[in-house]
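Asker: sequence-free structure coming up:
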């Protein structure tokens with residue numbers, strides 16, 4: 001187990017301990033593989049709870065290969081994108097509807113911290 005500051009976390013790091021907010025809420029569980037989105041949230045939480053980002057985060061190591069969690073998230077993202085396409089099949093076609101669909105698609109991709117590759 002290694003302890004690092006929030007500023008030194010990297011995507012792919014694996015949490016060795018739960019991350020708990022200042023309000024005693026478990027934010028991320030032990031064993032989670034960190035993404036850039038999670039790291040941003042950790043930095044925000046540590047800055048809010050102490051006024052600085054010098055709290056230590058305990059990591060087990062770094063995931064070298066795609067984890068089960070990554071695969072699961074990718075599958076969920078693809079399912080949501082598929083449902084989005086189905087929902088818009090019945091909608092009137094037009095420039096504005098296409099723009100709305102594209103915005104929602106980008107939000108889904110961003111929320112899963114991924115891409116379609």
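Answerer: Right, received. Where do you want to start? Note that the coordinates shown come from a computational prediction; the quantities given were computed from them, not determined experimentally.

Asker: who are the packing partners of the worst-scoring helix or strand of the chain on mean pLDDT?
Answerer: Lowest on mean pLDDT, DSSP states H and E among the helices and strands of the chain sits helix 36-50, with a mean of 80. The contact analysis (3 or more Cβ pairs under 8 Å, 6 or more residues apart in numbering; DSSP states H and E) places helix 36-50 against strand 26-28. No exception for glycine: its C-beta is placed from N, CA and C like everyone else's.

Asker: chain center to the strand it packs on, what's the gap?
Answerer: Taking Cα atoms, centre = their mean, to the nearest Å, the mean C-alpha location of strand 26-28 is offset from the chain mean by 12 Å.

Asker: what strands line up against that strand, and which way round?
Answerer: strand 19-20 (antiparallel) (DSSP bridges).

Asker: what comes into contact with the partner strand?
Answerer: 26-28, 42, 45, 57 (Cβ atoms under 8 Å, 6 or more residues apart in numbering).

Asker: residue 85: which of those is nearest?
Answerer: Of all the contacts of strand 19-20, residue 85 sits closest to residue 28, with 31.1 Å by Cβ to Cβ.

Asker: quick one: residues contacting the closest one.
Answerer: For residue 28, the contacting residues are 15, 18-19, 34, 38, 41-42, by Cβ under 8 Å, 6+ apart.

Asker: ok, those residues vs residue 103, which is closest?
Answerer: Closest approach between the contacts of residue 28 and residue 103, by Cβ to Cβ: residue 41, at 22.4 Å.

Asker: wait, residue 26 sits on residue 15?
Answerer: No: counting by Cβ atoms under 8 Å, residue 26 stays clear of residue 15, with 11.0 Å between them.

Asker: looking at these two, which is more packed in?
Answerer: residue 15 (20 against 10; other Cβ atoms under 10 Å).

Asker: please report the distance of the closest residue to the more buried one other than its chain neighbours from residue 17.
Answerer: Distances taken as Cβ to Cβ, 6 or more residues apart in numbering place residue 32 nearest to residue 15, at 4.9 Å, with adjacent residues excluded. In this view, residue 32 and residue 17 are 11 Å apart by Cβ to Cβ, to the nearest Å.
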